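> 3D, please:
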Amino acid sequence: MKNLFVGNMSFQTTESELRSMFEPFGQVTRVHIAMDRETGRARGFAFVEMPNDAEAAKAISGLDGKEVGGRNLKVNEARPKSASGGGGPRGGGGGGGFDRDRDRDRPRGGGGGRGGNSKGGRFSTEDYRDSPRQPREPRW
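Coordinates of the predicted model:
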C-alpha cells in the first residue's frame, strides 16, 4: 500500500480526473484532494492511495512532471506527518493587543506567543518590541 503525494495541481482538477490519470498504472483505492477550510476550494495538492507498490512506482515515474491543466504535476511518495502535526518551530498566535487602534493598519501576525521559549516565566524583548522605552532612573 503506497500513499502518493500529487502537488502543483490546477485548482480545477477534480477527484475523478485524478483517478482517471492514475488508473492506467493500476488500481486506485482512494483519492483525496486537500481543500481549504475557509474558502472550500482546492489547495493545489492531493493524495492518491494505491495498493500495489510496483504500480505506484510506475505511476510516479509516468506522471511526475506531466503537464495537466497548464501546470507540471509533482508526484512522489507521501511522507508521513511529523509527530508535532506541522506548524513549524514557532509557538501559536497570541501577541499584540496593548494599542490595537495604532496597529490597525499593520498586517496581522501577532508576536507568535512565546513559543519555544524555554526560559520559563522570564520576559523576552519580543514582548516589548513596539512599546516606547521608559526613562531610566539615574545612578547616583
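
> going forward, measure contacts and count neighbours with C-alpha atoms only.
Will do.

> in this protein, which spans are strands?
2-7, 30-35, 42-50, 67-68, 71-72, 74-77 (DSSP state E).

> make TSV from those and add mean neighbour count and distance to Gln134 to it.
Converted to TSV, those look like this (neighbours: other Cα atoms under 10 Å; distance: least, Cα to Cα, whole Å):
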stretch	mean neighbour count	distance to Gln134
strand 2-7	20	51
strand 30-35	16	48
strand 42-50	20	47
strand 67-68	14	60
strand 71-72	14	55
strand 74-77	19	54
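
> tell me which of the ones you listed sits nearest to Asp130.
With respect to Asp130, and counting by Cα to Cα, the nearest of the strands of the chain is strand 42-50 at 35.0 Å.

> in this structure, which helix or strand is least confident?
strand 67-68 (a mean of 90; mean pLDDT, DSSP states H and E).

> list the contacts of it.
For strand 67-68, the surrounding residues in contact (Cα atoms under 8 Å, 6 or more residues apart in numbering) are Met9, Ser10, Leu73.

> do you know how far the residue nearest to Gln27 when sequence neighbours are not counted is from Arg30?
Setting aside the residues directly before and after it, Gln27 is nearest to Met50 in space (Cα to Cα, 6 or more residues apart in numbering), at 6.2 Å. Here the criterion is Cα to Cα, to the nearest Å. By it, Met50 lies 7 Å from Arg30.

> neighbours of Thr13, how many?
16 (other Cα atoms under 10 Å).

> who's in contact with it?
Contacts of Thr13 by Cα under 8 Å, 6+ apart are Gly69.

> returning to that earlier point: out of the contacts of strand 67-68, which is most surrounded?
Most surrounded of the contacts of strand 67-68: other Cα under 10 Å gives Met9, at 24 neighbours.
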